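>>> just to be clear, the model below is a prediction. Sequence and coordinates:
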Amino acid sequence: MNDLIGLTARAAVDLLRRGEVSPLELIDAAVQRIEATDGQVNALPTLCTDRAREHASRIMATATAQDEKPSLLAGLPIAVKDLNDVAGVRTTYGSPIFADHVPDRSDILVETLETNGAIVLAKANAPEFGHGANTFNEVFGKTRNPWNTAMTCGGSSGGSAVALATGQVWLATGSDLGCSVRTPAAFCSIVGLRPSPGRVARGPTRVPYDNLWVQGPMARTVADTALMLDAMAGAHSADPLSL
């Protein structure tokens, strides 16, 4: 299991594509690592393991039945920032107001990633409504820097950065208005990219023409970050700014 966690995302996807490892095996490896490390750093407070395993089983059954070409991520488990709705999974936005909120549908980013073969395994901690350069809230508490738990991991995509740095997942989502992807990436020694507005479709949102905040990929290497961006990018009819 530790060998699987140590793989780059690109290497893990290559094994998935060749049938040498299954999405279920990667889920088990990630859950084992989360259980071993998250008590110290509090990066992924919400797991959706059953949903992930059901999704993995569907991917495997479809590939077998239809002999389809593997999707871009081919069943790779990922973490999603707790500002993004995931259907049927507790999504709090880091706020006590939404502490028990379970959305009926996923947002565009999550739908795009799942269409491209991602399996959502966990929600990554974030400050309330993503406001702040430190990752803490009244729902889940503080997320700590994995290199020194007395220090901040940065924010607001701190949970995603810490999950990657500790080897809990291979890829994770972030969002960025004022360095919310870039600061935690720097503080945790991983890679985060703020794409150009419109590169990654957003929504539903009450401010569809706001071009200040974007959603971007986070990973352990530059090449993995590029893979994640490929899986996130694209036009969507509900986002008038999407490219």
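Received the coordinates, thanks.

>>> what count of nearby residues applies to residue 228?
Applying other C-beta atoms under 10 Å, we find 29 other residues in the vicinity of residue 228. C-beta: built from backbone N, CA, C; applies to glycine.

>>> which SS class is it?
helix (DSSP: H, G, I helix; E, B strand; the rest coil).

>>> can you check residue 225 too?
Looking at residue 225 with three-state DSSP, the answer is helix.

>>> how about residue 115, what does it touch?
residue 71 (C-beta atoms under 8 Å, 6 or more residues apart in numbering).

>>> again, only this time at 10 Å
Residues counted as contacts of residue 115 (C-beta atoms under 10 Å, 6 or more residues apart in numbering) are 71-73, 231, 234.

>>> of the residues you listed, which belong to strands?
Among the contacts of residue 115, no residue falls in strands (DSSP state E).

>>> flag the shaky bits of the chain, pLDDT-wise.
In the predicted model, the chain carries pLDDT under 70 at residues 1, 64-68.

>>> got JSON lines for the contacts of residue 115, with neighbour count and distance to residue 203 too?
Listed next are these as JSON lines, based on neighbours: other C-beta atoms under 10 Å; distance: C-beta to C-beta, whole Å:
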{"residue": "71", "neighbour count": "20", "distance to residue 203": "22"}
{"residue": "72", "neighbour count": "17", "distance to residue 203": "21"}
{"residue": "73", "neighbour count": "28", "distance to residue 203": "21"}
{"residue": "231", "neighbour count": "25", "distance to residue 203": "17"}
{"residue": "234", "neighbour count": "16", "distance to residue 203": "13"}
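
>>> can you map out the strands along this protein?
So, for the chain - with DSSP E - the strands run 46-47, 76-81, 118-124, 136-137, 141-142, 171-176, 191-192, 214-219.

>>> hey, which of those strands is tucked in deepest?
Ranked by mean neighbour count under mean count of other C-beta atoms under 10 Å, the strands of the chain are led by strand 76-81, which reaches a mean of 29.

>>> okay, that strand in PDB with CA atoms only?
Only the C-alpha atoms of strand 76-81 are listed here, as PDB (Å, rounded to 0.1, in the frame of the first residue of the first chain):
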ATOM      1  CA  LEU A  76      -7.700   7.800  -9.700                       C
ATOM      2  CA  PRO A  77      -8.900   8.800  -6.200                       C
ATOM      3  CA  ILE A  78      -8.700  12.600  -5.500                       C
ATOM      4  CA  ALA A  79      -9.500  15.100  -2.700                       C
ATOM      5  CA  VAL A  80     -11.900  18.000  -3.400                       C
ATOM      6  CA  LYS A  81     -11.800  21.300  -1.500                       C
END
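
>>> so how far is it off the chain centroid?
3 Å (C-alpha atoms, centre = their mean, to the nearest Å).

>>> and that strand with strand 171-176, angle?
Going by axes from the mean of the first three to the mean of the last three C-alpha atoms, to 10 degrees, strand 76-81 is angled at 30 degrees with respect to strand 171-176.

>>> can you pull out the helices in the protein?
2-5, 9-17, 23-41, 49-66, 108-115, 158-165, 182-188, 222-232 (DSSP state H).

>>> out of those, nearest to residue 212?
With C-beta to C-beta as the measure, helix 182-188 is the member of those nearest residue 212 (14.5 Å).

>>> quick one: contacts of the closest one?
Contacts for helix 182-188 (C-beta under 10 Å, 6+ apart): 41, 43, 126, 133-135, 143, 145-147, 151-166, 174, 176, 179, 190-194, 216, 218-220, 225.
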